[in-house]
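Undergrad: Got a predicted structure here, sequence first:
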Amino acid sequence: MKKEACTTHLSATKTELSVEKLRTYPGFETLSNSDALIHIDAIKKLARVLYSAYQYDQQKNNKPSQ
């Protein structure tokens with residue numbers, strides 16, 4: 001999966017998660033900048049994994065039965 005294709009499509013409708021935005025969620029208010037960036041990176045990686053799994057499932061379900 002191309003990262004650029006995924007993030008470009010999402011960026012058109014949503015803004016990217018920032019340290020300031022992350023701190024607005026309960027439990028993240030007191031994170032340091034470096035810890036917040038680590039959390040943001042983990043969230044982005046999880047999103048890519050979930051999106052890839054979703055695409056795989058969609059392709060699998062759209063194939064004709066053999």
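TA: Sure, I can see it.

Undergrad: show me what contacts Leu22?
TA: Phe28, Leu31, Ala36, His39, Ile40 (Cβ atoms under 8 Å, 6 or more residues apart in numbering). (Each C-beta comes from the backbone N, C-alpha and C, glycine too.)

Undergrad: Let me know the pLDDT of Thr15.
TA: Per-residue pLDDT puts Thr15 at 85.

Undergrad: re the thing from before, just the buried members of the contacts of Leu22?
TA: Taking 16 or more other Cβ atoms under 10 Å as the criterion, what is buried in the contacts of Leu22 is Leu31, Ala36, His39, Ile40.

Undergrad: Identify the residues contacting the last one.
TA: Going back to what we said before, that points to Ile40. So Ile40 contacts Leu17, Ser18, Val19, Leu22 (Cβ under 8 Å, 6+ apart).

Undergrad: any idea how far Asn61 is from the third one?
TA: Meaning Val19. 38 Å (Cβ to Cβ, to the nearest Å).

Undergrad: Adding secondary structure, write the buried ones among the contacts of Leu22 out as CSV.
TA: Formatted as CSV, those follow (DSSP: H, G, I helix; E, B strand; the rest coil):
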residue, secondary structure
Leu31, coil
Ala36, helix
His39, helix
Ile40, helix
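
Undergrad: which stretches of the protein have low pLDDT?
TA: Within the chain, the set of residues satisfying pLDDT under 70 comprises 1-13, 64-66.
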